[in-house]
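Student: just a sequence and a predicted model for now, questions to come.
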Amino acid sequence: MKRRFVLASLAALPAVARAQSGEWQTVVAPDLRFRLEMPAPVTKTTADEKEKGHASARVAWESKRGQQIFNFDYVDYDAGWFSSRDGKDMARELGRGDAEKAFPKPKYKYLRDEPVELQGWDGYALDIESEGGSGVMMRTWIAKDRLFRLLVTVDNNDAASKAAANRFLDSLKLAEARPTETTPIEPKK
């Protein structure tokens, strides 16, 4: 009976929903510390040059869906590089980067420009739109001493483009949440 129900449920789904699942690919870290979804096919690259504080090469994935570009990368930093600093300040600094210079506010509209969290880790969200409705959505996350960056172009006038961008940005899942410190409540005497 369960098999018939599943088959009937699949047959009831619109063709677009069934076909779309094959258009997306799950990317899993070699060390299993994260996973996310990107439109297929996905191209992986490694940048050998290291910046100050890098403990490893930057690993990146890129894909396209129509005119949209999806980028994701991560890099490990030396032990203590982020964990010894204020994560919120570092996420803001790295999340905004040179965005103010590349996207000056009189010409571009900042739709979202705020600190965010992912599984307790500090991050920054920056969504920018041009006059024509095209834009870029960026997320930066710091988990321990690893920096994650997601960037996707979006046509804010196209619901499918916005849905794909949000699916990509919301798909990042980390293997571990930030440990939270709790203080036990003492019983009243």
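Tutor: Thanks, I have the structure now.
Student: how about the contacts made by the nearest residue to residue 50 once chain neighbours are set aside?
Tutor: Nearest in space to residue 50, with sequence neighbours left out and distances taken as CB to CB, 6 or more residues apart in numbering, is residue 57 at 6.7 Å. C-beta coordinates here come from the backbone N, C-alpha and C atoms, glycine included. If you count contacts by CB atoms under 8 Å, 6 or more residues apart in numbering, residue 57 has them with 46-50, 75.
Student: most neighbours among those residues, which one?
Tutor: residue 75 (20 neighbours; other CB atoms under 10 Å).
Student: element containing that one?
Tutor: Element membership for residue 75 (DSSP states H and E) is strand 68-76.
Student: who does that strand pair up with?
Tutor: Strand 68-76 has the following strand partners under DSSP bridges: strand 58-65 (antiparallel), strand 146-155 (antiparallel).
Student: and the ones you listed: which comes nearest residue 177?
Tutor: strand 146-155 (14.0 Å; CB to CB).
Student: give the next helix or strand downstream of the closest one.
Tutor: Immediately after strand 146-155, counting by DSSP H and E, sits helix 159-170.
Student: show residues contacting whatever helix or strand comes next after that following helix.
Tutor: Next helix or strand after helix 159-170 toward the C-terminus (DSSP H and E): strand 173-174. Here strand 173-174 makes contact (CB under 8 Å, 6+ apart) with 33-36, 118-119, 121, 141, 143.
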